[in-house]
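In: Requesting a structural model of the entry that follows:
(2 chains)
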There are 2 protein chains.
Amino acid sequence: MAATSWEDSVKCLKGVILDMCGVLYDAGEDGGTPIPGSVEAVKRLKASDLQVRFCTNETQATREVFVAKLQRMGFDICVSEVFSPAPAAVAVLKERGLRPHLLVYDGVVPEFDSVEKANPNCVVIGDAAEKFSYQNLNDAFRVLIGLEKPVLFSLGRGKYYKEDEGLNLDVGVYMKALEYACDVEAEVIGKPDPMFFQKVLDDMGVQSHQTVMIGDDLVNDVGGAQHCGMKGVQVRTGKYRPSDEKHPTVTADGYVDNLAEAVETILKLRGQ
Amino acid sequence: MAATSWEDSVKCLKGVILDMCGVLYDAGEDGGTPIPGSVEAVKRLKASDLQVRFCTNETQATREVFVAKLQRMGFDICVSEVFSPAPAAVAVLKERGLRPHLLVYDGVVPEFDSVEKANPNCVVIGDAAEKFSYQNLNDAFRVLIGLEKPVLFSLGRGKYYKEDEGLNLDVGVYMKALEYACDVEAEVIGKPDPMFFQKVLDDMGVQSHQTVMIGDDLVNDVGGAQHCGMKGVQVRTGKYRPSDEKHPTVTADGYVDNLAEAVETILKLRGQ
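Out: You can find the predicted model right below:
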């Protein structure tokens, strides 16, 4: 089989960015389960000469709690290697002097402890899951519609993710709902926002063309990374659906069955 | 003050279509309250030589229950004069042999009694209010995403309506959410769908240019009616907001403070 375009570029790779849910583990009510081979794959990648970072739109827990969960699953990972939307949002809110009304999962609220929230002048939504009740969405709507110029931040714009055996609606769906209700365009913080990816590249000290992003979300992981000049590889785990390989606008630079196959390919082509 | 364009056309009017919530009454947890002057205005209009129909996107109750509520408020109204989306949806479902998964308010479910619902091959959403839980929206999403070609019907596409002292999100917001989640375009049944308005005109036996629609929703009532060749007048009651009068794409043919003023103007100009 001919090498795909991402395989051609493996020799000049300097950095690898990994999506988390659907690549490292499958989410579930019990906290989730590692995808077979992923724990070992991360270990091998980190033992190589490549820079490795984790980039997630996870907003159901603080980074500390989230990383502790991954460590319990056996992953070699620490907080400073993980990039998630909530800390990035806090930086934006402080920079612009904005006071958010939060519609987020309880677990991520502590990330916003240092931000003034009384008398809100913007709304921040994350993957709030069952907290996306009619009442809570209506409360967020009323804050927005009461502002002279509504400002809405969305922590990612994903459509859905896989948990246990089913697909679950993600934050992007509720972002669209509020956009329509208030005639406003949300500012997305997290993947696929190029500024979000750029911070990860800066932290690794590498250029985008020296980097590959591996994810299960064709639009937000693969397409987002490609938009920044990285290679984007899709795993056939997590929310992957066969129709992704015939997507009208995004074509991955490569498809692999899982993270283990991706890492095996990378290390083999680099002679490691 | 110069006569507005709708006043010029009052003399050749043959039919009047009235929106209900926000024009006849304000919704509320106790069932709602008539807007001052509206009971008398409907009575005067029906005593005139004009055809009168009521056209609503109300989908929280069957027409029978809904009309009984209006009658208790004192309105001279009967079921055959009221056009609402659920009966129109039932006709479409039967015609196309579709079995709906319903995400609607409990009160309107009996409208769908005659429709087969096992093994659903489409989704119908209405203004489900607090039934728009995360779980219920996710269930509807899973039905759609599991279909080879998702079919979504939305009973109206309103953004919000006024209830008691606040604005509440309407079905259109959740329609947009599911459209985005499933890459599908919903088929709207109800205002502003031209086919929906046409049925009302047919029932009155009048032409669109002989008809005025009076509503509080600039886009769905006024814009929808204008799109069909009717005049569209907005009342400054219900969900009306002053910014409606500066809307970028829809300009009403006239604005009135309330239904009583609209009817007073119509009858006066017709010498009645």
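In: What segments of the stretch 51-200 of chain A are helices?
Out: Ranges of helices in the stretch 51-200 of chain A, per DSSP state H, counting those that start in this stretch, are A:63-72, A:85-96, A:134-145, A:171-182, A:194-204.
In: Same list as before, the ones you listed that is, but in JSON lines and with mean neighbour count and mean pLDDT included.
Out: Any C-beta I mention is one placed from the backbone N, CA and C, and that applies to glycine too. Supplementary listing: the helices of the stretch 51-200 of chain A in JSON lines, determined by neighbours: other Cβ atoms under 10 Å in any protein chain shown; pLDDT from 0 to 100:
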{"stretch": "helix A:63-72", "mean neighbour count": "16", "mean pLDDT": "95"}
{"stretch": "helix A:85-96", "mean neighbour count": "18", "mean pLDDT": "95"}
{"stretch": "helix A:134-145", "mean neighbour count": "20", "mean pLDDT": "98"}
{"stretch": "helix A:171-182", "mean neighbour count": "25", "mean pLDDT": "98"}
{"stretch": "helix A:194-204", "mean neighbour count": "17", "mean pLDDT": "95"}
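In: any chance of the ones you listed in JSON lines, plus distance to residue B:99?
Out: Converted to JSON lines, the helices of the stretch 51-200 of chain A look like this (distance: least, Cβ to Cβ, whole Å):
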{"stretch": "helix A:63-72", "distance to residue B:99": "41"}
{"stretch": "helix A:85-96", "distance to residue B:99": "40"}
{"stretch": "helix A:134-145", "distance to residue B:99": "26"}
{"stretch": "helix A:171-182", "distance to residue B:99": "24"}
{"stretch": "helix A:194-204", "distance to residue B:99": "43"}
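In: What about residue A:154, how many residues nearby?
Out: 29 (other Cβ atoms under 10 Å in any protein chain shown).
In: One more: the one 5 residues further on?
Out: Using other Cβ under 10 Å, residue A:159 has 22 other residues around it.
In: okay if I get the helices of the stretch 51-200 of chain A as CSV plus distance to chain B?
Out: Listed next are the helices of the stretch 51-200 of chain A as CSV, based on distance: least, Cβ to the nearest Cβ, whole Å:
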stretch, distance to chain B
helix A:63-72, 20
helix A:85-96, 19
helix A:134-145, 4
helix A:171-182, 4
helix A:194-204, 20
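In: Can you say which of those helices is nearest to residue A:233?
Out: helix A:194-204 (14.7 Å; Cβ to Cβ).
In: Show me what secondary structure element comes after the closest one.
Out: strand A:211-215 (DSSP states H and E).
In: Just give me how far stretch A:233-243 sits from the chain centre.
Out: 15 Å (Cα atoms, centre = their mean, to the nearest Å).
In: mind saving the C-alpha coords of stretch A:113-124 as CSV?
Out: The C-alpha coordinates for stretch A:113-124 follow below in CSV (Å, rounded to 0.1, in the frame of the first residue of the first chain):
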residue,chain,number,x,y,z
ASP,A,113,-13.0,30.7,40.7
SER,A,114,-10.7,33.6,40.0
VAL,A,115,-13.2,35.4,37.7
GLU,A,116,-15.8,37.9,38.9
LYS,A,117,-19.3,36.6,38.1
ALA,A,118,-21.8,39.1,39.6
ASN,A,119,-23.9,41.1,37.2
PRO,A,120,-22.8,39.1,34.2
ASN,A,121,-22.1,40.7,30.8
CYS,A,122,-21.4,37.6,28.8
VAL,A,123,-22.3,33.9,28.7
VAL,A,124,-19.8,31.0,28.7
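In: What's the mean pLDDT across that stretch?
Out: Mean pLDDT, stretch A:113-124: 97.
In: Name the residues of that stretch that are buried.
Out: By 16 or more other Cβ atoms under 10 Å in any protein chain shown, the buried positions in stretch A:113-124 come out as A:120, A:121, A:122, A:123, A:124.
In: Show me the beta-bridge partners of the fourth one.
Out: The partner list for residue A:123 in beta bridges (DSSP bridges) reads residue A:101, residue A:152.
In: From residue B:270, how far out is it?
Out: Distance, residue A:123 to residue B:270, using Cβ to Cβ, to the nearest Å: 48 Å.
In: Quick one: residues contacting the closest residue to residue A:28 other than its chain neighbours.
Out: Of all residues not flanking residue A:28 in the chain, residue A:164 sits nearest, at 4.7 Å (Cβ to Cβ, 6 or more residues apart in numbering or on different chains). By Cβ atoms under 8 Å, 6 or more residues apart in numbering or on different chains, residue A:164 lies in contact with A:26, A:27, A:28, A:29.
In: now the strands: where do they sit in chain A?
Out: Secondary structure of chain A (DSSP state E): strands at A:15-18, A:25-26, A:33-34, A:51-55, A:82-83, A:100-103, A:122-125, A:152-155, A:160-163, A:166-169, A:187-189, A:211-215, A:231-235, A:254-256.
In: which strands and helices sit next to the fifth one?
Out: Here strand A:82-83 is seen to pack against strand A:51-55, helix A:63-72, helix A:194-204 when contacts are counted using 3 or more Cβ pairs under 8 Å, 6 or more residues apart in numbering or on different chains; DSSP states H and E.
In: Which residues of chain A lie near chain B?
Out: A:128-135, A:137-138, A:141-142, A:145, A:159-160, A:166-169, A:172-174, A:176-181 (Cβ under 8 Å from any Cβ of the partner chain).
In: Thought residue A:85 was touching residue A:59, still the case?
Out: Yes - if you go by Cβ atoms under 8 Å, residue A:59 and residue A:85 touch, sitting 5.7 Å apart.
In: any common contacting residues for these two?
Out: With Cβ under 8 Å, 6+ apart as the test, residue A:59 and residue A:85 both reach A:126, A:155, A:156, A:190.
In: Most neighbours of all those, which one?
Out: residue A:126 (32 neighbours).
In: May I have the predicted confidence score for the nearest residue to it once chain neighbours are set aside?
Out: Leaving out its chain neighbours, the residue that sits closest to residue A:126 by Cβ to Cβ, 6+ apart is residue A:59, at 3.4 Å. Looking at residue A:59, its pLDDT reads 90.
In: Contact partners for residue A:59?
Out: A:84, A:85, A:86, A:104, A:105, A:108, A:126, A:127, A:155, A:156, A:171, A:190.
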